[in-house]
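**Student:** Got a sequence here, can you model it:
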Amino acid sequence: MRPGKFDATILTLGFAFLYIPILILVIYSFNESKLVTVWGGFSLKWYGEMWRNDGLMSAAWVTLQVGLLSATLGTVLGTLAALTLVRFTRFRGRLLFSGMVYAPLVMPEVITGLSLLLLFVAIGVDRGLMTVVIAHTTFTMCYVAIVVQSRLLTFDMSLEEAAQDLGCPPVKTFFKVTLPLILPAVISGWMLAFTLSLDDLVIASFTTGPGATTLPIKIYSQVRLGVTPEINAICTILIGIVTIGVIIASIGTKQRELQRQRDEHVAARGATA
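**Tutor:** Numbers count the residues shown, from 1 in each chain. Prediction:
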């Protein structure tokens, strides 16, 4: 059923409300004037000033390190969690395990950040880069688990059984058969985890320490004193990175659907043979 004019109007207004401020920010990142509310002509000089801003670049490097490490760890743990939930449907503590995996999805970030802060203080861990990585891994792995689990639910188990019947050990079967087939979902989960880590402010603010100031924290601390053109420039770059991540994740989703259709086609041909 095609949407009516009223539905289309409401949808357009909703998207405009969400994205016009972002578009304005991107436009003013190319503003010649130092005053962010006064257009002084097109210029790229604030991007150069941004690169020469040691504070912003240091925070950006920390954010990149945290994003890469937490996304990788979250992808590994999330994939293992998805395999456990799909392949082992009955084991003692499964309900508790699934609840712990999915808890960060519904738990407020303030609660997650405060809980991790109390944990690090209780065990005597100095806050820094690794505590932020651990915190981001904790809440990103659940998103990876959901993405990979959706692919495993439609996975054709006969492919693994055929490989094992031919003498392939279970571990080798996973790396040679299972992992290549679910790889688009794993990549999509990694990109989603990376983008979530990239723009996190609340959890990082609880778990960060000296020398581990992430870019969102740095931007937030500077915005309270006033928006500068350098902030517009680096926010534009962040928007570009997140957009690329969303596009790659969308492509991965389409690849998962195509792979599912191929698996169904192969299974149908095998059943009729």
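**Student:** Could you find the closest non-adjacent residue to Val177?
**Tutor:** Leaving aside its sequence neighbours, Val177 sits nearest to Ala163 (Cβ to Cβ, 6 or more residues apart in numbering; 4.9 Å). (C-beta placed from N, C-alpha, C; glycine too.)
**Student:** What residues of stretch 232-239 count as buried?
**Tutor:** Asn232, Ala233, Ile234, Cys235, Thr236, Leu238, Ile239 (16 or more other Cβ atoms under 10 Å).
**Student:** Just read off the phi/psi values of Phe91.
**Tutor:** phi -160, psi 150 (degrees, to the nearest 10).
**Student:** Per-residue pLDDT of it, please?
**Tutor:** As predicted, Phe91 sits at a pLDDT of 77.
**Student:** Check Thr72 too.
**Tutor:** pLDDT, Thr72: 95.
**Student:** again with the one 10 residues further on
**Tutor:** Turning to Ala82, the model gives it a pLDDT of 91.
**Student:** So it sits against Leu152, correct?
**Tutor:** Yes: at 5.8 Å, Ala82 counts as touching Leu152 under the criterion of Cβ atoms under 8 Å.
**Student:** Counting neighbours, go ahead and name the busier of these two.
**Tutor:** Higher neighbour count among Ala82 and Leu152: Ala82, with 26 against 18, using other Cβ atoms under 10 Å.
**Student:** mind listing the helices for the stretch 101-250 of the chain?
**Tutor:** For the stretch 101-250 of the chain, helices defined by DSSP state H, counting those that start in this stretch occupy the ranges 109-122, 129-152, 157-165, 170-173, 179-198, 202-207, 215-223, 229-272.
**Student:** quick one, the second one and helix 179-198 angle?
**Tutor:** Calculated by axes from the mean of the first three to the mean of the last three Cα atoms, to 10 degrees, helix 129-152 forms an angle of 140 degrees with helix 179-198.
**Student:** quick one: helix 129-152 to helix 109-122, angle?
**Tutor:** Interaxial angle of helix 129-152 relative to helix 109-122 (the same axes, to 10 degrees): 130 degrees.
**Student:** Would you mind putting the CA coordinates of helix 129-152 into CSV?
**Tutor:** What follows is helix 129-152 as a C-alpha-only set of coordinates in CSV (Å, rounded to 0.1, in the frame of the first residue of the first chain):
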residue,chain,number,x,y,z
LEU,A,129,42.7,3.4,27.5
MET,A,130,42.1,-0.2,28.4
THR,A,131,39.2,0.4,30.7
VAL,A,132,37.5,2.4,28.0
VAL,A,133,38.2,-0.5,25.6
ILE,A,134,36.7,-3.0,28.0
ALA,A,135,33.6,-0.8,28.6
HIS,A,136,33.0,-0.4,24.9
THR,A,137,33.5,-4.1,24.3
THR,A,138,30.9,-4.8,26.9
PHE,A,139,28.1,-2.9,25.2
THR,A,140,29.1,-3.4,21.5
MET,A,141,29.3,-7.2,21.6
CYS,A,142,25.5,-7.5,22.1
TYR,A,143,24.9,-5.8,18.8
VAL,A,144,27.3,-8.1,17.1
ALA,A,145,25.6,-11.1,18.7
ILE,A,146,22.2,-10.0,17.3
VAL,A,147,23.5,-9.5,13.8
VAL,A,148,25.4,-12.8,13.6
GLN,A,149,22.6,-14.7,15.3
SER,A,150,20.2,-13.6,12.7
ARG,A,151,22.5,-15.1,10.0
LEU,A,152,23.1,-18.3,11.9
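**Student:** Quick check: which helices or strands does that helix pack against?
**Tutor:** Helix 129-152 is packed against helix 54-87, helix 94-106, helix 109-122, helix 179-198, helix 202-207, helix 229-272, with contacts defined by 3 or more Cβ pairs under 8 Å, 6 or more residues apart in numbering; DSSP states H and E.
**Student:** same check, this time on the third one
**Tutor:** Contacts defined by 3+ Cβ pairs under 8 Å, 6+ apart place helix 157-165 against helix 170-173, helix 229-272.
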